[in-house]
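**Q** quick one, what's the 3D model for this:
(chains A, B and C)
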Amino acid sequence: MVRVAVVGAGYSGFNANSPDLSWKEITYEAAVRAYEDAGINPRRDIDAVVTCAEDFWEGFAIFDEFCPDQLGGVLKPTFTVTADFLFGLANGVMLIKSGLAEIAVVEAHSKASDILTFGNVVKFAYDPVWLRPVGRGHPFYLAALEKSYYSNLRGYCDYTYAEVVAKNRKNGRLNPDAPYSADLTADDVLSSEPLFYPLRKLEIAERSDGAVVFVLAKGDIARELNPEPVWIDGVGWNSETSNYDTMSFTAVYAMKAAEMAYDMAGIENPAKEIDVAEVDDRFAYKEVQHIEALKLAKAGEVDELLESGYFGRKGEIPVNVSGGSLSVGNLLEATGAQKALEIVLQLRGEAGRRQVDAEIGVAQVWRYLPTATGAVAVFSR
Amino acid sequence: MVERVRGIKFHKKQDVAIVGAGITLFRRRLNETGKELSYYAVKQALEEAGLDISDIEMVVMGSAPDAFDGVHMKGEYLLDGSGGSNKPYMRFFVGGGTGVFAPIAGYWHVASGLADVCLVVTEEKMSSSHPHPQSAFKYIWDPILDRPLNPNLIWIFALEMRRYMHVHNIKHEDIALVSVKNKANALDHPSAQLAAKITVEDVLNSEPMSLPVRRLDVSPPSDGASALIMVAPHIARQLTDEPVWVDGVGWALDTTWWTNRDLYFPRYVAEAAKMAYKMAHVTDPRKEIDVAEPYDPFDYKELHHMEGLGLARKGEAPILTREGVTARDGDLPVCPSGGLLGVGNPIAATMGVKVAELYWQLSYRAGKRQVAREVTTGVTQAWGDLMQVGTVVVLSNKR
Amino acid sequence: MAVGKKDISAPPYVEGRELELEDFEEKKVTYVEDYPDIRYQFTAGQAISKFLNGLKEGKILATKCNKCRRVMVPPRTFCELCFKPADEWVEVRDTGTVETFSISYIDPDAKPLDEPEIVAVISIDGASPKMGILHKLGEIEPDRVYIGMKVKAVWKPESEREGMITDIKYWKPLEVE
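**A** Numbers count the residues shown, from 1 in each chain, chains lettered A, B, ... in the order given. Here you go, the predicted model:
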C-alpha cells in the first residue's frame, strides 16, 4: 500500500490583518518555508499543486488564474479545489495513491481583511430563493438556530460553550501566531453581547489572514527526504445536505468524515487512540459538536469532561492546544490548514511552549455557514 | 537535496472505466435551477450505467464561477441536485478547463482506490447573471492592473486569435470553417443550442464583437449540466462488456502573467497533453488518435488546441480543416459532437460534449454523430482561466 | 465483445425547458432578484504598490531576476520561474511594441460601445522580450494598427494621477510625434 507523508510545512504567520502584503506575497512566504523545510526545489521536484480557494472569499470570478506563480507551479499540474485545506489534503493523498504524483503541494490562504462586507458574502452562500429573502439580519443567525437546537437536544448549558472559549483563548497565549488569544473566564464570555441570542459575541471567532503550504510525498520518497516524516494515515470528507432545514444540527458530516478517516487509518477506538485533536471552533458550540462527532467523547458527556479539564492542554485529549480558531482567527479555507499544521508541529515536537506528548493526532474542519460539510485528517509520527 | 529516480509514476491502485454519461438540454435560458439540471444529468447517467444513486460512493462536482449562478460556495448549493447528499463530495474548479478537469478528479478518486464508483457532475447556470453572463467575467481580471481598464472577456480571445493568425499568416476564412463544421455537426446533437447550416461568409459578415472576433466565431453562453460515472475494473465488468477506459490524464497551469507570454501557441495544452500521452503510451498522437474533442469556445481555439495536442503541426490545423481531415467522415474527426460552437457553452457542463461525447464515440453509441472511421483511442481537452490551463483526457475502448 | 457499429443513439433523450427573454420581461416565470452588496479592498502588496507609485511619477518600474536575467513588467517580488526573490528595481521606458491587439465593440456587460476601442498587449522597451501589459491605444484609426507597431504612453497630467494603471490614458503611435 502506498503511504503518504507530510515532508514539509510552511506558514506565513496568522495576523488580524496584513495591509502590507498581497495574498500572493503571503502565500509565497509560506511556500518558500515549506520547500525549505522539505528540502526540495519546487521548480524541479513537485508533480502537482493543489490550491484551496473560493471565489467570493477572494473577490475574483476565477481565482484559479492566480494560483501557480507564488507556489512554483507555473506550467505544472496545478488546480483549485473550492473547499477547505483538508479537502485539498485529501486530493494530495489521492494524487499520490493514484500514481499521478510523487510529491504534491497543498496550499490554502486567507486574505479575509480584503473583504469589506463579510456578512454579505456569507449570506450570498445561502439559498437564493428560500433563505436569502428571509430576514434582514446578519447571516450568523443560522448558527444561533443550530446552537439552540443542539443545546436543547443534548442538555448542554451556555456555560459549557463559555468554557470552550475560555480554554481556547487561554491556550492561544502560548501560541505566537494567535492574534486573538486572551486571558478570559467563562463568565466574561457569558456577559459578552448576545449578538444572535443565544450566541454571544465572544463565542464567535474573529477573522484573520495567513497562508499555509504542505509538501506531501509518497512513502519511500518521504523517508529519503526526512527519516521521521509525519504520516497521513487517513482522510475523510462528507456532506449532509445543502438545505439548512434538513441538516442534522449534530455534525453528522463530521462523524461520517471521521469514520472514513479512522477506517483508512485503522483506528477503532478514537477516544483511546487519539492523543491530540484540533477541531473547528469558529463558533464555540461547534467544538462541542465536533468532539462528539470525532468520537472523542460520548454524546451528552462533553460538558462534564470539559469541566474536568479532560480536553485541556494537560488533559487526557488536548483539544485545540493552538488556541483554535477562537484564538488564531477564522482563516476561511485555510482554517483546516491551521489545524493540520498544529497537529504536524505537535507530532514533530516543534510546538514550542504549547507542546504536548502525542503520537497520533486528528484535524477536523467544517465548511462554515451555511453548510453541513466537513473533512477530517488523521496524522501519526 | 534528495536524488530521486523519476519516471516510476503511474503505479495506480486500479484502472478506471467510464460506464455511463448524461447530458441535459443546452440553452441560453432554462427554466430549471442548477440543482434540477444536475439532477437530470445524473439520472440519465445512472440509467445508462444501470446503477442506483445508493451505488455511488463519492461525488465530484465541477462548476465554473460562482458569479454565474449568483451563489457563494455554489458547490455546496448544488450538493443535493448532484446526488452528493450524505456522501463524500467536493467541487473542482479550473475556469473553463473544469469540464475536462472534473473527470480527471473523478479518475484519481477511483485510481487511488478511495472509491470504486464515482459520480462526476458538472453544471452551469449562466443565465442567472445579469445584465449578461459576461458581466461575471469582469471579476476574472487582475483587480489592480486590468479591471480599471473595463475589460470584456472577449478581449483575451481576440488578442490570442490575432497573435495566432499573425504568426502563422492564417486567414479568418480558414478559421471560420471550424464554426461552419461544428455548427453543422451539432444538427445531430439533441442538446444543441446553435446548430445550423451556415457559410464562411455568414461568419465573416456577422456582427463584430472584439475584432478579429465576430459573433459567429463565438460559442453562446448556456445553461446545462452533464454527468459521468467512473468505476473500478471489477465494477465495470459487472455492468458492461464494453467499458471505455481512461488511459491518460494530464493538466497544466501557466503563469498568471498572461501578457508576458507569446499567445500564438498554447503551451499549457502541450504540457497537459505530454502528461496524458505519456501515461497512455501515445507517442505519435497524429497517428494514434482516432477521434478528438478539443475545446472550441471560439473557432480559432479548436485549431490552436489541435496544435497544442500534437494533432497538427504548428500552423497546420487550418490546412487540415480546409482539406476535410477534421470532418466527421475525415481521417481525424474533430468535434463530431458539434462542440461548444454548435451545442452550446455552459462552461463546466461542456464535459457532456467533450468527455461524454468521446465516451459515446468510443462505445459506438453516438448514433448519427458516430464518426465514419473505426475508433479505438480518442483525446479530449479543455482550456480555461487567463489562457492558462490545459486539461487533457485520453480514452480508449481497448485495454 | 460488441465494440463496433451499432444502432444506439446516446444521449437517448435530453431534458430541460427553454425560456425566452420575454418570459422574464412579461413575468411568465417565477424568479427572485438579488442585488448583493459585496465589496473588497485588494491589498496591492509590495511590488504592485511600488509600481503604482511609479506611475504617479510618470515612471514604469520593473523588477529584475539575476538568475534568469529577466526584467519583469508588471513587477513582482519573486521570480515565478526561478522561484526566488527578485533582485533589483529598474526603471523601463514608456515606449513599447504592439504584440497583439483587438478592436472592441462591446463593454464589460457585452453592451455595444458608442465608439469601438482598441486594446492591446504592449511589450515595454527596456524589459525582457514579450514582457507586456494590457492597455489601450489612442490617436490612431483602428485600421492603421498593426502588430509590431511602436507606441508611446500618453500620461494623464501629473495633478490628475492617482496611482492607478489608468494614469496612462492610452498609448499612441510613436511615429506620430
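**Q** the host helix or strand of residue C:91 pairs with which strands?
**A** Assessed by DSSP states H and E, residue C:91 sits inside strand C:88-92. Partners of strand C:88-92 in the sheet, by DSSP bridges, are strand C:60-64 (antiparallel).
**Q** helix or strand right after the partner strand?
**A** Next along from strand C:60-64, by DSSP H and E: strand C:71-72.
**Q** quickly check: the helix or strand just after that following strand near chain A or not.
**A** Per DSSP H and E, the first helix or strand lying C-terminal to strand C:71-72 is strand C:78-79. Yes. Interface with chain A: strand C:78-79 contributes residue C:78 (Cβ under 8 Å from any Cβ of the partner chain). C-beta: built from backbone N, CA, C; applies to glycine.
**Q** for strand C:78-79, packing partners?
**A** On a contact count with 3 or more Cβ pairs under 8 Å, 6 or more residues apart in numbering or on different chains; DSSP states H and E, strand C:78-79 meets strand C:84-85.
**Q** parallel or antiparallel, which strands does the strand it packs on pair with?
**A** By DSSP bridges, strand C:84-85 pairs with strand C:78-79 (antiparallel).
**Q** closest residue of chain C to chain B?
**A** Going by Cβ to the nearest Cβ, chain B is nearest to residue C:9 of chain C, at 2.7 Å.
**Q** count the residues that sit near that residue.
**A** Neighbourhood size, residue C:9 [other Cβ atoms under 10 Å in any protein chain shown]: 16.
**Q** what sits against the residue in the stretch 151-300 of chain A positioned nearest to chain B?
**A** Closest residue of the stretch 151-300 of chain A to chain B, Cβ to the nearest Cβ: residue A:242 (4.0 Å). Taking Cβ atoms under 8 Å, 6 or more residues apart in numbering or on different chains, we find residue A:242 in contact with A:127, A:371, B:35, B:76-80, B:85.
**Q** contacting residues around the least confident helix or strand in chain B by mean pLDDT?
**A** When the helices and strands of chain B are scored by mean pLDDT, DSSP states H and E, helix B:133-136 comes last with a mean of 83. Contacts to helix B:133-136, defined as Cβ under 8 Å, 6+ apart, come from residues A:61, B:65, B:67-68, B:126-127, B:129, B:152-154, B:221, C:108-110.
**Q** hmm, 7 Å instead?
**A** A:61, B:65, B:67-68, B:126-127, B:129, B:152-153, B:221, C:108-110 (Cβ atoms under 7 Å, 6 or more residues apart in numbering or on different chains).
**Q** with stretch B:76-89 instead?
**A** Residues outside stretch B:76-89 that contact it (Cβ under 7 Å, 6+ apart): A:125, A:127, A:237-243, A:260, A:367, A:371, A:373, B:34-36, B:38-39, B:42, B:53, B:56, B:58-59, B:61, B:63, B:71, B:119, B:121, B:123.
**Q** all helices of chain C, in order?
**A** C:21-25, C:45-56 (DSSP state H).
**Q** can you name the residue of the stretch 151-300 of chain B nearest chain A?
**A** For the stretch 151-300 of chain B, Cβ to the nearest Cβ, closest residue to chain A: residue B:253, 3.9 Å.
**Q** give the closest residue to that residue in space, chain neighbours not counted.
**A** residue A:78 (3.9 Å; Cβ to Cβ, 6 or more residues apart in numbering or on different chains).
**Q** okay, now the closest residue to residue A:179 other than its chain neighbours: neighbour count?
**A** Using Cβ to Cβ, 6+ apart and skipping the chain neighbours, the partner closest in space to residue A:179 is residue A:16 (4.5 Å). The tally of other residues near residue A:16 (other Cβ under 10 Å) stands at 13.
**Q** just checking, residue A:16 touches residue A:208?
**A** Yes. Applying Cβ atoms under 7 Å, one finds residue A:16 in contact with residue A:208, separated by 5.3 Å.
**Q** residue B:281 and chain C: what is the separation?
**A** To chain C, residue B:281 is 20 Å away according to Cβ to the nearest Cβ, to the nearest Å.
**Q** could I get the pLDDT score of that residue?
**A** Looking at residue B:281, its pLDDT is 94.
**Q** ok, now residue B:137?
**A** On pLDDT, residue B:137 comes in at 84.
**Q** residue C:32 too?
**A** Predicted confidence (pLDDT) for residue C:32: 88.
**Q** that one: neighbour count?
**A** By other Cβ under 10 Å, the burial measure for residue C:32, its neighbour count, is 11.
**Q** spit out the contact partners of it.
**A** Per Cβ under 7 Å, 6+ apart, neighbours of residue C:32: A:128-129, A:133.
**Q** for the stretch 151-300 of chain A, what lies in contact range of chain B?
**A** When proximity is defined as Cβ under 7 Å from any Cβ of the partner chain, the stretch 151-300 of chain A approaches chain B at A:221, A:224-225, A:237-243, A:260.
**Q** isn't there a strand covering residue B:162?
**A** No. Remark: residue B:162 does not belong to a strand; assigned using DSSP: H, G, I helix; E, B strand; the rest coil, it is helix.
**Q** pick the most buried one from the helices of chain C.
**A** Of the helices of chain C, the one with the most neighbours on average (mean count of other Cβ atoms under 10 Å in any protein chain shown) is helix C:45-56, at a mean of 19.
**Q** is chain C contacted by stretch B:316-332?
**A** No. Judged by Cβ under 7 Å from any Cβ, stretch B:316-332 stays clear of chain C, getting no closer than 13.8 Å.
**Q** can you mark which positions in that stretch are buried?
**A** B:316-318, B:320-321, B:325-328, B:330, B:332 (16 or more other Cβ atoms under 10 Å in any protein chain shown).
**Q** so what touches the helix ranked longest in chain A?
**A** Counting by DSSP H, the longest helix found in chain A is helix A:23-38. Contacts to helix A:23-38, defined as Cβ under 7 Å, 6+ apart, come from residues A:7-12, A:18, A:42, A:69-72, A:107, A:109, A:111, A:209-215, A:225, C:45-46, C:77-78.
**Q** so which of those sit within strands?
**A** Among these, the members falling in strands (DSSP state E) are A:7-11, A:107, A:109, A:111, A:209-215, C:78.
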